[in-house]
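Enquirer: Sequence first, then the predicted structure, then my questions.
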Amino acid sequence: MTRSRTAAVLAAAAMFPALLTGCSDPNPGSSRPPARPEGTSTGTDATRETTREATRETSRKTARRTVPARRAAPAPVRVPAGVTAGYAVVDVTTGKTVAQRQAHHRFRSASVVKILIATDYLERHRGTIPARDMALLTPMLRGSDDDAATALWRRGGQGEIVRRMARRIGLTETSPPPAAKPGFWGYTAISAADIALVYRYLLRRAEPRVRDFVLGNLRKASQCARDGFDQFFGIPRAVPRPWAIKQGWSGYGAVPPVRCTRAKATSYRIGSVTMGGNPVDFGRPVLHTTGVIGDRLIMVVLTLQPSGASFTQSAERVTKLARDLYLSVA
């Protein structure tokens, strides 16, 4: 064999292993595996990709199963026959109304207006509250003292109190008593939506000294009001503590069915009066329960009761309405 043929045979022998494996080492002397051309994959890579895709699909299915369903809006609770009711329940955190019915219907306020009387006083008077004024504000808020409310009402300019607070808070359905009855603070017109705004104002916008004084006293509301009526109807008997409440009642006469203290209130009736195209009934009895429940809800339930209804029957109806409403959103 010639030298040239010998060299050719040796070269072919050297290439034989490469021909068997289908590849050659691009970097002789290196132990690193050859680079894979872009766009190709090995069997192991394909298996890994399949596993990753399966994992992603499992995660998507799990996520779909664990996403909470959107809670449907609560159905309106049943209002007893013969009762006209306007209510609003507001989530304190979001400010959203979570339940409502005739929230813009106007009612006479009865003692609910005392919240506005107290707030207006505190925002006009800075510094230490004089003892004589404290002796009016505290029983007015805790025991719904009518004489105290009358004194503060007159000193504050009567209907001007309501006008000032309506402008400050943005109340659209709240207005002073009829011109013929300027001293009758209980004939202030209110709506459930507006009173809910009043509580939200106290919680979110009012100065801390105003908020703490008003709500602090409402949290200490007494069971027996100064006029002898039991004011623990509605919220106080329908929902668990803690709560801060301001109740209202009118049209049940001067003598309560269960006497707690000496009654001094006088009941007035003047019929229905149209105010700004939205009638307010001043004839039928009213019973209202309003307040802040815990740190979560504002509840306002305003009711016009059947003519001649007793205080006890009205209180039972309002308490059941407040309980049903609370359970519908709790």
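Expert: Received, thanks.
Enquirer: What separation is there between residue 191 and residue 314?
Expert: Per Cβ to Cβ, to the nearest Å, residue 191 is found 20 Å from residue 314. All C-beta atoms are positioned from the backbone trio N, CA, C, and that covers glycine.
Enquirer: Please apply the same query to residue 288.
Expert: 10 Å.
Enquirer: Determine the residues that are contacts of both of the two.
Expert: Common contacts of residue 288 and residue 314 (Cβ atoms under 8 Å, 6 or more residues apart in numbering): 249, 303.
Enquirer: These two: which has the busier surroundings?
Expert: Using other Cβ atoms under 10 Å, the more surrounded residue of residue 288 and residue 314 is residue 288, with 29 against 23.
Enquirer: ok, now which ones touch the more buried one?
Expert: Applying Cβ under 8 Å, 6+ apart, the residues contacting residue 288 are 107, 109-110, 112, 234, 247-249, 300-303, 318.
Enquirer: what about it, helix or strand, and which?
Expert: strand 286-293 (DSSP states H and E).
Enquirer: For that strand, C-alpha coordinates in CSV please.
Expert: C-alpha atoms of strand 286-293 as CSV (Å, rounded to 0.1, in the frame of the first residue of the first chain):
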residue,chain,number,x,y,z
VAL,A,286,-93.1,58.5,63.1
LEU,A,287,-90.5,56.1,64.6
HIS,A,288,-86.9,56.2,63.5
THR,A,289,-83.8,54.3,64.4
THR,A,290,-80.4,55.5,63.2
GLY,A,291,-76.8,54.9,64.0
VAL,A,292,-73.3,53.4,63.5
ILE,A,293,-73.0,49.6,64.0
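Enquirer: That one pairs with which strands, and in what direction?
Expert: strand 243-250 (antiparallel), strand 297-304 (antiparallel) (DSSP bridges).
Enquirer: How far does that strand sit from its chain's centre?
Expert: Computed by Cα atoms, centre = their mean, to the nearest Å, the chain-centroid distance of strand 286-293 equals 14 Å.
Enquirer: Could I get the average pLDDT for that strand?
Expert: Mean pLDDT, strand 286-293: 98.
Enquirer: Look up how far residue 148 lies from the residue nearest to residue 125 when sequence neighbours are not counted.
Expert: Spatial nearest neighbour of residue 125, excluding adjacent residues (Cβ to Cβ, 6 or more residues apart in numbering): residue 133 at 7.5 Å. Per Cβ to Cβ, residue 133 is found 10 Å from residue 148.
Enquirer: where does this protein dip in pLDDT?
Expert: 1-75, 259-278 (pLDDT under 70).
Enquirer: circling back to that earlier point, select, out of the strands paired with strand 286-293, the one closest to residue 229.
Expert: strand 243-250 (6.3 Å; Cβ to Cβ).
Enquirer: for residue 140, helix, strand, or coil?
Expert: Following DSSP: H, G, I helix; E, B strand; the rest coil, residue 140 is assigned to helix.
Enquirer: And the contacts of stretch 160-167?
Expert: Residues outside stretch 160-167 that contact it (Cβ under 8 Å, 6+ apart): 113, 116-117, 119-120, 153, 171-172, 174-176, 188, 198.
Enquirer: Make a ChimeraX selection of whichever of these turn out to be buried.
Expert: Applying 16 or more other Cβ atoms under 10 Å to these, the buried members can be selected in ChimeraX as follows:
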select :113,116,117,119,120,153,171,174,175,176,188,198
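Enquirer: Sort out which of the contacts of stretch 160-167 are in helices and list them.
Expert: 116, 117, 119, 120, 153, 198 (DSSP state H).
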